[in-house]
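Whatever this is, show me its structure:
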Amino acid sequence: MLEQAQPHNPQSAPHTAAAPQPDASQSAQSTHQNEASAPHGLAESADQALQSVGALYNAVDAIVSKSVRESPYVTLAAAAGVGFLLGGGLRSPIGQVLVRVGVRAFGPPLVSAALHTAVERAGLTQER
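Numbering: from 1, shown residues only. So this is what the prediction gives:
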């Protein structure tokens, strides 16, 4: 059976001391200081974010421009692949087949290269 909720009797509950409340003038002053410093910090954060995005854009622009000049067909194929992925191509049967073939063809060499680089960076190579 379901138990019925017992009514709360304030006299039966043990007396707990209330936490001291901060002074209203201190709270208002603290809030005012936080509001005054927030826009300054927010403006600096926004400025840094814009600078970072600008640097990223310049770096990507330089890489893509160099790639287009040196190997335009590879760049076109990469752009087509990105467009295919962003367009939801992995959900199609053709996309799933392409992923399986790509992983089988390029997966082992990529994993091997990544492991080789990790071992070199860790300094675990043996000198003969």
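
Break this protein down into its structural domains.
29-70, 72-122 (automatic domain parsing).

ranking those by mean pLDDT, which is last?
Lowest mean pLDDT of those: domain 29-70, a mean of 78.

quick one on the thing from earlier: turn the domains of the chain into TSV, columns for mean neighbour count.
Backbone N, C-alpha and C define where each C-beta goes, glycine included. Listed next are those as TSV, based on neighbours: other CB atoms under 10 Å:
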stretch	mean neighbour count
domain 29-70	10
domain 72-122	11
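
Tell me which stretches of the chain form helices.
24-70, 72-86, 93-122 (DSSP state H).

the inter-axis angle of the last one versus helix 72-86?
Right, helix 93-122. Helix 93-122 runs at 110 degrees relative to helix 72-86, counting by axes from the mean of the first three to the mean of the last three CA atoms, to 10 degrees.

Mind giving me the packing neighbours of helix 93-122?
On a contact count with 3 or more CB pairs under 8 Å, 6 or more residues apart in numbering; DSSP states H and E, helix 93-122 meets no helix or strand.

Alpha carbons of stretch 110-128, as CSV, please.
Coordinates of each C-alpha in stretch 110-128 appear next as CSV, following Å, rounded to 0.1, in the frame of the first residue of the first chain:
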residue,chain,number,x,y,z
LEU,A,110,48.0,6.3,-41.8
VAL,A,111,48.0,4.3,-38.5
SER,A,112,51.6,3.2,-39.2
ALA,A,113,52.7,6.7,-39.9
ALA,A,114,50.9,8.1,-36.8
LEU,A,115,52.5,5.4,-34.6
HIS,A,116,56.0,6.0,-36.0
THR,A,117,55.6,9.7,-35.4
ALA,A,118,54.4,9.1,-31.8
VAL,A,119,57.4,6.8,-31.1
GLU,A,120,59.9,9.4,-32.5
ARG,A,121,58.4,12.1,-30.4
ALA,A,122,58.5,10.0,-27.3
GLY,A,123,62.2,9.3,-28.0
LEU,A,124,61.7,5.5,-28.0
THR,A,125,63.6,4.8,-31.2
GLN,A,126,66.7,2.6,-31.1
GLU,A,127,69.9,3.8,-32.5
ARG,A,128,72.1,1.3,-34.2
